[in-house]
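# pasting the sequence and the predicted coordinates here, then a few questions.
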Amino acid sequence: MITTVFKCLTVGLGLAAGLGLSAAALAQAPASQLDGIQSRGALQVCTTGDYKPFTLAKDGSYEGIDIELAKSLAKALGVEAKFVQTKWSDLLTDMGAGKCDVAMGGISVTLDRQKKVFFSAPYLINGKAPIVRCADKAKFQTIADIDKPETRVVVNPGGTNERFVRANFKKADIRVYPDNVTIFDEILAGRADLMISESIETKVQEKAKPGLCAVNPDEPLQYGEMGYMLPRGDATFKAFVDQWLHLAKATGEFAGIYNQFVK
């Protein structure tokens, strides 16, 4: 197991510039959790299971882009992926409590989160976009179009969607809805006018739910990046995850998994 740590330290040195860490700092870093993961034979992955196409709980298991990529990461470590159910509002708490080695499932990189955790290198550029009834698509093109007292914006609690909505809409009627799987049905049923979500999710839901249309998903209202949430301070583990992600993209594995759920 010690050999694994030294191998990963070598990778970490190669990525030191990207991490903003010196070689001396890496050399003096505390032991990584890599050995713990390999000793227990499992990579513990926190995921919400409610964010298609990244993570969706289904029939007692999970499916999605990040579920398959979690299995790939576990394989690279020589262990099995074990999924731990969490909620958006509990992500940071569960990571801080040691319930998971990594959190995966369409997680946006934010400065607030980075105060408490590390993130992998970004794996997707993915901003915020509205999804509406198709008949209303022309009506809700901009933040100004949306931010009116008569506009009913439905939002799932605890994540960056809610944070964006509350930061940008001061006049709109904001309605919190706790189930991120059925939330889009609120729009179809006429109980809400729109939802703000990641642009990739609006594309997926547009295909899945006839009558809903994504609004300018390729020109989102806000630029954003997604990454994998990692324990703060473990530069060696971050270096390993970043190198795995780089190779997954370089070999075409990432694109193959992405296309299973999006194309």
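Great, that's in hand. Numbers count the residues shown, from 1 in each chain.
# tell me the contacts of T55?
By C-beta atoms under 8 Å, 6 or more residues apart in numbering, T55 lies in contact with 47-49, 62-67, 104-106. For glycine as for every other residue, the C-beta is placed from the backbone atoms N, C-alpha and C.
# 7 Å - rerun?
The contact partners of T55, by C-beta atoms under 7 Å, 6 or more residues apart in numbering, come to 47-49, 62, 64, 66-67, 105-106.
# doesn't F83 lie inside a strand?
Yes: the assignment for F83 (DSSP: H, G, I helix; E, B strand; the rest coil) places it in a strand.
# what about it, how many residues nearby?
F83: 21 surrounding residues under other C-beta atoms under 10 Å.
# rewinding a little: need the max-distance pair from the contacts of T55.
Y62 and G106 (12.5 Å; C-beta to C-beta).
# which of the contacts of T55 fall within helices?
Residues of the contacts of T55 located in helices (DSSP state H): 66-67.
# want to try a markdown table for the contacts of T55, with neighbour count and pLDDT as columns?
As requested, the contacts of T55 are exported to a markdown table (neighbours: other C-beta atoms under 10 Å; pLDDT from 0 to 100):
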| residue | neighbour count | pLDDT |
| --- | --- | --- |
| T47 | 28 | 98 |
| T48 | 26 | 96 |
| G49 | 22 | 95 |
| Y62 | 22 | 97 |
| G64 | 24 | 96 |
| D66 | 28 | 98 |
| I67 | 25 | 98 |
| G105 | 28 | 97 |
| G106 | 24 | 94 |
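# okay if I get the contacts of T55 as TSV plus distance to A250?
Shown next, in TSV, are the contacts of T55 (distance: C-beta to C-beta, whole Å):
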residue	distance to A250
T47	25
T48	28
G49	29
Y62	26
G64	22
D66	19
I67	21
G105	23
G106	22
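# closest one of the contacts of T55 to T93?
Nearest member of the contacts of T55 to T93, counting by C-beta to C-beta, is T48, at 13.2 Å.
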